[in-house]
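Student: kindly return the folded structure for what I paste below:
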Amino acid sequence: MSKKIILLAGPTASGKSKLAVHLAKKLNGEVINADSMQIYKEFSILSSRPNKVDTERAKHHLYGIVSVKKYFSAGDWLKEVKKKVSLCFKKKKIPIIVGGTGLYFDTITKGISKIPDIDSKTRAKVRNLFKKLGFKKFYEKLLKLDPKVKGKILPTDTQRTQRAYEVKLKTKKSLFDWIANTKSDFLDFNLKKIFIDIPRAELLQKISKRTDLMFKENCIAEVKKFNLLKLNNSLSANKLIGVQEINRYLNGAISLGECKELINIKTRQYAKRQKTWARGHMKNWNKLYSKNFFILSKKTLKAVS
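Tutor: Residues are numbered from 1 along each chain as shown. As a prediction, the model looks like this:
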């Protein structure tokens, strides 16, 4: 029988990390990160990285491995995941890949296109153009350059619009032509795909509690340190929920209460997008949930057996 890999996805604050640790203990597994913000060294509180207790209970990989100063793509992540999966199997451990970044899971289940590396000069040119035009006009220009983008990437998905632009500019070929010729590197593996389908009302409560916890753990100090780095605005770490809101609070534009509420609102919106992604991209995944953690863990263990 082919080697088993557990994929555990779900919206932010749904309890994925806790469940992953439980599975690792029960199944002799190790946890591998699939969250694009938890990879950053400089953000442990705002990104809700697993705490010391969890990382001592089970081996964790790919958390806090990249500086916020660096560009880190889904392709970069996939390369690292392959190494960690191979390492797990050598140690006779089950890899448990957990996170909320749908695109990362797509690279495993559907593969990733072999797009040539885009040089920094082209990337900077596209980023500067985006900054100059704003997302609406930039999107209009992108559609003229690459009409195949229409209906496939939203104007508000600024990371993917810029990616589509730089690919077409550099390779003279649409991003979607590259994507069409892809296949998964994990076709020979037994992928157990679980999505935590938590009800909205319960998720909103969990999001609010987590935001309060972030402030108790001093996420404000984390943002102050981040600000000292004076990063280029195009880098992904700037998009982490909480950075802009806390900076507005630090600048005196909003109160602490307003800051927390804005973070809650943005997190709820993000969770909604994650659920929408799952409906479109994870149709054949096993959707599970129970408010009772013991029941949820039993359901999950049964589904991955």
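Student: endpoints of stretch 282-301, how far apart?
Tutor: Terminal residues of stretch 282-301 lie 19 Å apart, using Cα to Cα, to the nearest Å.
Student: please compute how far it lies from its chain's middle.
Tutor: Stretch 282-301 has its C-alpha centroid displaced from the chain centroid by 20 Å (Cα atoms, centre = their mean, to the nearest Å).
Student: all strands of this protein, in order?
Tutor: 4-9, 29-33, 60-61, 94-99, 190-196, 286-288 (DSSP state E).
Student: send the alpha carbons of the first one over as CSV?
Tutor: Right, the one you point to is strand 4-9. Extracted C-alpha coordinates of strand 4-9, given in CSV (Å, rounded to 0.1, in the frame of the first residue of the first chain):
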residue,chain,number,x,y,z
LYS,A,4,0.1,7.8,3.9
ILE,A,5,0.1,11.6,4.2
ILE,A,6,-2.5,13.4,6.2
LEU,A,7,-3.6,16.8,4.9
LEU,A,8,-5.5,18.8,7.6
ALA,A,9,-7.0,22.1,6.5
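Student: could you check the angle strand 29-33 makes with that strand?
Tutor: In terms of direction (axes from the mean of the first three to the mean of the last three Cα atoms, to 10 degrees), strand 4-9 departs from strand 29-33 by 40 degrees.
Student: does anything pack onto strand 4-9? Which helices or strands?
Tutor: Contacting strand 4-9 under the criterion 3 or more Cβ pairs under 8 Å, 6 or more residues apart in numbering; DSSP states H and E are the following elements: helix 16-27, strand 94-99, helix 102-109, strand 190-196, helix 293-304. Using the backbone N, CA and C atoms, a C-beta is placed for each residue, glycine as well.
Student: what's stretch 240-253 in contact with?
Tutor: 37, 40, 43, 46-47, 214, 219-220, 223-224, 226-227, 237-238, 254-256, 258-259, 262-263, 266-267, 270 (Cβ atoms under 8 Å, 6 or more residues apart in numbering).
Student: out of the helices and strands packed on strand 4-9, nearest to residue 168?
Tutor: helix 102-109 (18.8 Å; Cβ to Cβ).
Student: give the buried residues for the closest one.
Tutor: Using 16 or more other Cβ atoms under 10 Å as the burial criterion, the residues of helix 102-109 that qualify are 102-109.
Student: JSON lines for these, including distance to residue 158 and pLDDT?
Tutor: Putting the buried residues of helix 102-109 into JSON lines (distance: Cβ to Cβ, whole Å; pLDDT from 0 to 100) gives the following:
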{"residue": "102", "distance to residue 158": "16", "pLDDT": "94"}
{"residue": "103", "distance to residue 158": "14", "pLDDT": "91"}
{"residue": "104", "distance to residue 158": "18", "pLDDT": "96"}
{"residue": "105", "distance to residue 158": "21", "pLDDT": "97"}
{"residue": "106", "distance to residue 158": "19", "pLDDT": "93"}
{"residue": "107", "distance to residue 158": "20", "pLDDT": "93"}
{"residue": "108", "distance to residue 158": "24", "pLDDT": "96"}
{"residue": "109", "distance to residue 158": "25", "pLDDT": "95"}
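Student: sorry, back to before: name the stretch among the helices and strands packed on strand 4-9 that sits most buried.
Tutor: Here the criterion is mean neighbour count by mean count of other Cβ atoms under 10 Å, and of the helices and strands packed on strand 4-9 the winner is strand 94-99, at a mean of 25.
Student: now do that one, average pLDDT.
Tutor: What strand 94-99 shows for mean pLDDT is 98.
Student: residue 62 versus the spatially most central residue of the chain, what's the distance?
Tutor: Of all residues in the chain, the one closest to the mean position by Cα atoms, centre = their mean is residue 101, 2.8 Å from it. Per Cβ to Cβ, to the nearest Å, residue 101 is found 11 Å from residue 62.
Student: tell me the contacts of the closest residue in space to residue 156 that isn't next to it in sequence?
Tutor: Nearest non-adjacent residue to residue 156, counting by Cβ to Cβ, 6 or more residues apart in numbering: residue 135, 6.6 Å away. Counting by Cβ under 8 Å, 6+ apart, residue 135 touches 155-156, 158, 161.
Student: wait, residue 80 sits on residue 63?
Tutor: No: Residue 80 is not in contact with residue 63 according to Cβ atoms under 8 Å; the separation is 11.3 Å.
Student: just to revisit the earlier point, can you put the helices and strands packed on strand 4-9 in TSV and add distance to residue 3?
Tutor: Shown next, in TSV, are the helices and strands packed on strand 4-9 (distance: least, Cβ to Cβ, whole Å):
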stretch	distance to residue 3
helix 16-27	13
strand 94-99	9
helix 102-109	13
strand 190-196	6
helix 293-304	13
